[in-house]
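pasting a predicted model and its sequence here:
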Amino acid sequence: MEYLHLFANCKLVKGASMSLICDLQLRKYYHIPNDMAEVLEYLADHSIDETYEAFGIDNKSIIQSYIKFVIKQDMGFLDDKIWKEMTPLSLTWDAFTEITNVIFEIKVGMDFQVPFVQDLLALHLQAVEIRSYEIIPLEQLKELLAMFKYSTVLSIKLILHDNPAVSEKEWQHIMEDDFRINTILLHSAKENRQVKLMRDTATIIYSQSKLDSCLQCGVIQPSYFSTSIELFSESQLHNTCLNRKLAIDQEGHIKNCPSMKANYGHFHSTSLASILSNAEFRKDWFINKDQIAVCQDCEFRHICTDCRAFTERTHIDSSGRDTSKPLKCGYDPYSNQWEDWTKNPLKEEAISYYQMEDVIKQASHG
């Protein structure tokens, strides 16, 4: 008897019409028919010959093609028995700190030398994003970046208004001074182009698109998918955007995300301890994709980001808990088609609610 074993790092995710095999080690995913997913699930506990018998000998060649695909992509192996000793990959998730990632919206003259930010840095942050919608003096930006010099932050992303007074070489020096700065996106630039640095580990992106508010955030698209064990594990029980995230908007308000309405005080006058002990601040951390309308039927749900700031507003319970699909997602897991979400008539009411008409017009003319 011959058996097929999927490697523990290769996880099946079934959707309404299609499925994925997620290779969490090589960070790849493969779109497969649901029929193939059902066969692979059956093969986990049965021999190949038993599988032929269960699914019909007429489907033998199809089943063989599924097995060959798994072997060719190095996602499994054949053996003469079921290895009960093989340990399943644990998908438990936790982090060393109560906040893992922070977004800072900045404007000219904004002062971050305050106890709240110092306390944040003491939390062993992993990722920081700094955004501006206006031109920020280079010295002000450098002062802010200097605050992270001796922190545990692993990744820094800058999304800034292009400053004609700052040369490409100056941006390059900033990245070379701190290897944690892996991306600098300069919006409102004169041209669209990319500059790869340090053996393609860092990128400067010049974009003509104008970013003038957080209303432009929250877009769901395949380029944002991540087949990492970290995200896949976190997604099992947590929200893939808001979990352990804190944001300070350009007015200094403390939020889960700059795009969300609820704020929990000003960072000049509020203690971090009071934020972390606030159950309301934490509540959206635990809305995972299995609880969100439509997303729960999507094969991409465990490798996808989420957005609770802008939703279709179709599933809001009496307590105000919103489990609606992200507004800016154009994927239909029932037809497996992507569409332009801005042109879907079923989203018009939500677009109006968030007053996004001008943002969409600007994007369409950009």
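It's in. Numbering: from 1, shown residues only.

any idea how far E234 is from M86?
Applying Cβ to Cβ, to the nearest Å, one obtains 24 Å for the distance of E234 from M86. Every residue, glycine included, has its C-beta placed from N, CA and C.

ok, the two, which is more surrounded?
Between E234 and M86, counted using other Cβ atoms under 10 Å, the more crowded position is E234 (21 against 11).

OK, contacts around V359?
V359 is in contact with 213, 215-216, counting by Cβ atoms under 8 Å, 6 or more residues apart in numbering.

distance check, E299 against L211.
With distances defined as Cβ to Cβ, the gap from E299 to L211 amounts to 31 Å.

who has more neighbours, the two?
Each of E299 and L211 had its neighbours counted (other Cβ under 10 Å), and the higher figure belongs to E299 (26 against 19).

skip the chain neighbours and tell me the closest residue to the more buried one.
Once its chain neighbours are removed from consideration, E299 has its nearest residue in G15; the separation is 3.0 Å (Cβ to Cβ, 6 or more residues apart in numbering).

and the one you found, how many neighbours?
The number of residues packed around G15, counting by other Cβ under 10 Å, is 20.

wait, it sits on N34?
Yes. Between G15 and N34 there is a contact under Cβ atoms under 8 Å: 7.5 Å.

what's the neighbour count on H173?
10.

gap between it and V166?
Taking Cβ to Cβ as the criterion, H173 is separated from V166 by 10 Å.

pLDDT score assigned to the spatially closest residue to C298 that is not a sequence neighbour?
In space, C298 comes closest to P333 once its chain neighbours are excluded; the distance is 3.9 Å by Cβ to Cβ, 6+ apart. Taken from the predicted model, the pLDDT recorded for P333 is 98.

does the residue nearest to N243 when sequence neighbours are not counted count as helix, strand or coil?
Closest residue to N243 apart from its sequence neighbours, by Cβ to Cβ, 6+ apart: W285 at 4.5 Å. Reducing the assignment at W285 to three states with DSSP: H, G, I helix; E, B strand; the rest coil gives helix.

pretty sure W285 contacts L246?
No. Applying Cβ under 8 Å as the test, W285 and L246 come out as separate, 10.9 Å apart.

the two - which one has more neighbours?
Neighbours per residue (other Cβ under 10 Å) separate W285 from L246, with L246 holding more: 26 against 16.

and that one, what does it touch?
L246 sits next to 99, 101-103, 120, 254-256, 275 when contact means Cβ under 8 Å, 6+ apart.

report pLDDT for it.
Model confidence at L246, given as pLDDT, is 98.

before we move on, what about the one 4 residues further on?
Each residue has a pLDDT score; the one for Q250 is 96.

for it, give its distance to V219.
Shown here: Q250 relative to V219, a distance of 20 Å by Cβ to Cβ.
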